[in-house]
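K.L.:
Sequence unavailable; structure follows:
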């Protein structure tokens, strides 16, 4: 039997995208990978409770706990090694990872962004700000993008995208919800399965030295 790709999900808040991944794993959409670890950037993240409810190990690696982003990244790397993680999914993770970190996991870190990249992306575009920018600009279609993570914020190769129409009277909050439900929660599990399957089929598991 082919070993499943071991996945860590990195979170900062409520964990709705994490829940979508856990549900996709239960339903068989994600079948080539297994979520074995959830890493939170703060100890108040409700995503940790979602992980606990699903029997998935959760750890906190915060700048507050370790004194700096570099310290937090060292703790993250240690947790990834301890749990033999092959790929990483950023699901509402609100810290920018360093170039050194992303280089260690080249084409093994995925992120979901709530716009159709290259629109409304890059440094400073996160959360409701993305949807406010789309409404301010007056675009008629937005959506979500899953991409590989590199040293450039939202700059890695695109894996999947899905469009969502903007409706009259939309607010950033209503648009955020529709993009999550109609795009993010659909393409993120699909993209995770695509990458996990490629790693598993090649036996290209991460080597921790």
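P.N.:
Looks like it arrived, so ask away. Source: prediction; values computed, not measured. Numbering: from 1, shown residues only.

K.L.:
quick one: buried residues of the top helix by length along the chain?
P.N.:
For the chain, the longest helix by residue count, based on DSSP state H, is helix 185-202. Buried positions in helix 185-202, judged by neighbour count with 16 or more other CB atoms under 10 Å: 185-189, 191-197, 199-200. All C-beta atoms are positioned from the backbone trio N, CA, C, and that covers glycine.

K.L.:
And that helix, what does it pack against?
P.N.:
Contacts defined by 3 or more CB pairs under 8 Å, 6 or more residues apart in numbering; DSSP states H and E place helix 185-202 against strand 5-11, helix 16-27, strand 33-40, strand 87-90, strand 109-113, strand 141-148, strand 158-165.

K.L.:
Reformat those as TSV; add mean neighbour count.
P.N.:
Rendered in TSV, the data for the helices and strands packed on helix 185-202 read as follows (neighbours: other CB atoms under 10 Å):
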stretch	mean neighbour count
strand 5-11	26
helix 16-27	19
strand 33-40	23
strand 87-90	25
strand 109-113	24
strand 141-148	22
strand 158-165	16
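
K.L.:
Next, format those as JSON lines and append distance to residue 59 and mean pLDDT.
P.N.:
As requested, the helices and strands packed on helix 185-202 are arranged in JSON lines below (distance: least, CB to CB, whole Å; pLDDT from 0 to 100):
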{"stretch": "strand 5-11", "distance to residue 59": "9", "mean pLDDT": "97"}
{"stretch": "helix 16-27", "distance to residue 59": "14", "mean pLDDT": "97"}
{"stretch": "strand 33-40", "distance to residue 59": "6", "mean pLDDT": "97"}
{"stretch": "strand 87-90", "distance to residue 59": "13", "mean pLDDT": "98"}
{"stretch": "strand 109-113", "distance to residue 59": "17", "mean pLDDT": "96"}
{"stretch": "strand 141-148", "distance to residue 59": "24", "mean pLDDT": "98"}
{"stretch": "strand 158-165", "distance to residue 59": "26", "mean pLDDT": "98"}
